[in-house]
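Asker: fold the following for me, if possible:
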Amino acid sequence: MTGRRLWLMTVAFFMFIACLGFPGSSSAAGQFINGTYGGKPYKLYVPNGYDSNDTYPLYVMLHGCTQDASQFAAGTKMNTLADEKKFLVLYPEQTSSANSNKCWNWFESAHQSRGSGEPSIIAGMVTSVKNSYSIQGDKVYAAGLSAGAAMSVIMGATYPDLFSGIGVGAGLEYKAANSVISAFTAMSSGGPNPEQQGAAAYQAMGSRAKVLPVIVFHGTSDYTVAPVNGNQVITQWSVTNDLAQNGTNDNWIDDQPERTNNFTVSGGRNYSVSDYEDGDGNVLMKKVTVQNMGHAWSGGSSQGSYTDPQGPDASRLMWEFFDSFTNESGGDEDTAAPITTANPSGGTYNTSVQVVLQANEEASTYYTTDGSVPTVQSPLYTGPILITDDTTLKFFSIDSSGNKETTKQEIYVIDEAAPPLEGLTIPSLSAEDGFVGKFTADGKGTGDVKVGDKGMFNTDTYRGILSFDTSSLGQTTIESAVIRLYTKSLTGTVPSIQADIKKGTFGTGAIEQGDFSALASLNNVGSVQSPSATGYTDLVLSASALSQINTAGKTQFRLKAATAAGFNKNQIEFYGGEDISLSPVLIINGAAE
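Answerer: Predicted structure coming up:
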């Protein structure tokens with residue numbers, strides 16, 4: 001062996017050793033590390049220049065069917081972006097033993113809840129990485145493609161305490177299916193009613209519920225997961241985020257974009273970006289629609305599978321979107337926003353009320369009473385607010401660390417001329433109030449009573465069900481009856497509402513699909529024109545209806561709206577019986593025999 005050859009081999013050996021890094025070192029070159037957790041493999045990318053003395057965001061990337069971690073990393077180019085922007089990337093990997101096509105099992109009930117199945121394993125991987133690396137807890141994001149995107153939606157709904165944003169590439173709404181057959185149906189034509197699924201996702205969040213930024217990517221020529229699914233993801237998360245904001249679906253955010261801008265990739269595809277603003281004017285959700293793109297990761301590399309290099313760079317757009325929510329105070333400081341409540345809460349009152357705003361920590365509270373969005377230039381709360389007229393009160397608090405809660409809203413209606421609740425007042429049965437859709441896909445639900453249409457030139461999509469225990473009437477001779485309803489929200493135009501009556505119950509008493517068209521004792525026993533958009537609406541029952549009120553058991557009413565067919569939805573929601581102060585009531589006037 002010549003001296004020159006020996007020298008070259010020696011240099012190469014030491015260069016190889018240097019590239020490996022040293023155990024215990026606080027920094028490392030960009031590394032793609034293999035690991036396992038819960039019986040599933042994963043890969044973790046640690047960016048070039050990683051320093052354990054700093055903290056970093058973490059992106060969790062969930063691959064699609066037939067893919068693996070390495071293919072997904074190559075196709076999304078996320079590791080290259082991680083080196084540039086300094087974050088870690090975790091790639092959980094599905095096994096062929098768990099699914100023959102290596103799909104995440106988003107369509108099985110066993111993998112749709114917190115603490116079980118694949119969501120539990122993925123969450124455990126994230127926690128393991130957080131325990132081993134310097135991760136910013138408020139900057140952990142889940143994203144995926146196809147089956148991985150559907151699983152990222154599930155992760156956001158089941159582990160909102162772990163994630164700070166969700167990216168959905170050609171994915172589906174929460175619980176879009178619960179079997180293989182229904183999975184194919186959802187992929188080709190959409191899942192269940194996304195508003196219903198939005199409420200289900202909020203319920204899955206439980207006490208950990210919080211607002212999550214969401215960005216969606218979908219191609220108009222995707223024949224594997226139809227584009228309708230991208231729209232359903234937006235609608236589902238608009239409801240979930242609306243409920244997470246203050247526990248009420250009050251249109252703080254909805255599925256109608258404030259703006260849509262069109263762009264073109266140089267030498268590539270046309271695409272549009274729709275922005276969905278919350279009640280504070282922040283873009284909380286985005287939808288990127290790529291013209292003529294199929295089932296692919298937009299802007300990805302051809303070195304991976306299921307990519308479209310001609311589309312906009314989904315990885316970079318996702319990073320830019322999530323980075324816009326960066327907390328300037330840093331990951332080690334207090335990042336919890338205050339929570340402010342109003343006492344009494346909004347509703348209809350016969351006299352003036354004094355409203356007390358109370359934050360759960362030391363904070364400054366700002367408010368407005370004219371319906372405008374408050375800022376730090378608005379009045380500072382110092383004592384009870386006197387409400388003497390119909391008022392929309394909006395407020396938020398900000399603590400000494402600069403953590404600001406999202407704006408909250410309470411609507412107060414002062415109606416001194418409101419007729420008194422004279423006679424016998426019977427509140428509705430909250431467990432049996434709700435709505436039912438015309439078709440199974442339109443959904444059903446307990447609680448709020450919804451009537452109207454879903455738009456897209458449909459009419460009579462939803463009918464509301466009200467249930468009353470009228471057995472206390474006994475031998476009463478009923479002379480008149482009124483149903484009083486308190487409006488929760490009005491979207492579009494609802495010219496009138498009619499009511500059917502059932503002496504007994506339409507079905508078993510619980511909300512059922514058959515309630516929509518079940519035989520009534522009498523149809524159209526009362527109507528009201530232009531129901532009130534705020535406060536209450538009184539629906540006076542006709543004389544013919546009085547004999548159908550069941551004095552020995554339950555009486556149910558079915559509400560239906562007359563609306564005009566159009567693209568936008570027209571629907572009104574009334575509070576159900578879960579809120580005693582705003583509960584529907586049946587007011588009976590009569591005389592005991």
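Asker: check contacts around the most centrally placed residue in the chain.
Answerer: Within the chain, one residue has its C-alpha closest to the average C-alpha position: by CA atoms, centre = their mean, that is Thr240, at 2.1 Å. Shown in contact with Thr240 (CB atoms under 8 Å, 6 or more residues apart in numbering): 157, 174, 198-199, 201-202, 205, 212. Quick note: C-beta positions are derived from backbone N, CA and C, even for glycine.
Asker: please repeat the previous calculation with a cut-off of 7 Å.
Answerer: Listed by CB atoms under 7 Å, 6 or more residues apart in numbering, the contact partners of Thr240 are 157, 198, 201-202.
Asker: surely it is in a strand?
Answerer: No: secondary structure of Thr240 (DSSP: H, G, I helix; E, B strand; the rest coil): helix, not part of a strand.
Asker: so which residues make contact with the helix or strand hosting Ala142?
Answerer: In this assignment (DSSP states H and E), Ala142 forms part of strand 135-145. The contact list for strand 135-145 (CB under 7 Å, 6+ apart) reads 55-64, 88, 126, 129-130, 151-152, 155-156, 162-167, 169-171, 297, 306, 318, 322, 327, 331, 335.
Asker: got the buried residues for it?
Answerer: Neighbour counts over strand 135-145 (16 or more other CB atoms under 10 Å) mark 135-136, 138-145 as buried.
Asker: how close does Lys404 sit to Pro338?
Answerer: 8 Å (CB to CB, to the nearest Å).
Asker: what do you get for Tyr276?
Answerer: 25 Å.
Asker: so those two - more neighbours on which side?
Answerer: In this view Tyr276 and Pro338 are compared by other CB atoms under 10 Å, and Tyr276 has more residues nearby, 23 against 18.
Asker: show me the contacts for the more buried one.
Answerer: By CB under 7 Å, 6+ apart, the neighbours of Tyr276 are 234, 238, 253, 257-258, 283-285.
Asker: then Gly230?
Answerer: When contacts are taken as CB under 7 Å, 6+ apart, Gly230 is in contact with 216, 218, 287.
Asker: that one is in what secondary structure piece?
Answerer: helix 228-246.
Asker: kindly export that helix (C-alpha atoms) in CSV.
Answerer: Output of helix 228-246 as CSV, limited to C-alpha atoms (Å, rounded to 0.1, in the frame of the first residue of the first chain):
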residue,chain,number,x,y,z
VAL,A,228,-65.8,17.3,-1.3
ASN,A,229,-63.9,15.8,1.6
GLY,A,230,-61.6,18.8,1.7
ASN,A,231,-64.7,21.1,2.1
GLN,A,232,-66.0,18.8,4.8
VAL,A,233,-62.8,19.1,6.8
ILE,A,234,-63.1,22.9,6.7
THR,A,235,-66.8,22.7,7.8
GLN,A,236,-66.0,20.2,10.5
TRP,A,237,-63.2,22.2,12.0
SER,A,238,-65.2,25.5,11.8
VAL,A,239,-67.8,23.9,14.1
THR,A,240,-65.1,22.2,16.3
ASN,A,241,-63.2,25.5,16.7
ASP,A,242,-66.4,27.5,17.2
LEU,A,243,-67.4,25.2,20.1
ALA,A,244,-63.9,25.1,21.5
GLN,A,245,-63.7,28.9,21.6
ASN,A,246,-66.5,29.3,24.3
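Asker: now do that helix: distance to the chain's middle.
Answerer: 4 Å (CA atoms, centre = their mean, to the nearest Å).
Asker: how about Trp252: what's its closest non-neighbour residue?
Answerer: The shortest distance from Trp252 to any non-neighbouring residue, by CB to CB, 6 or more residues apart in numbering, is to Gly279 (4.1 Å).
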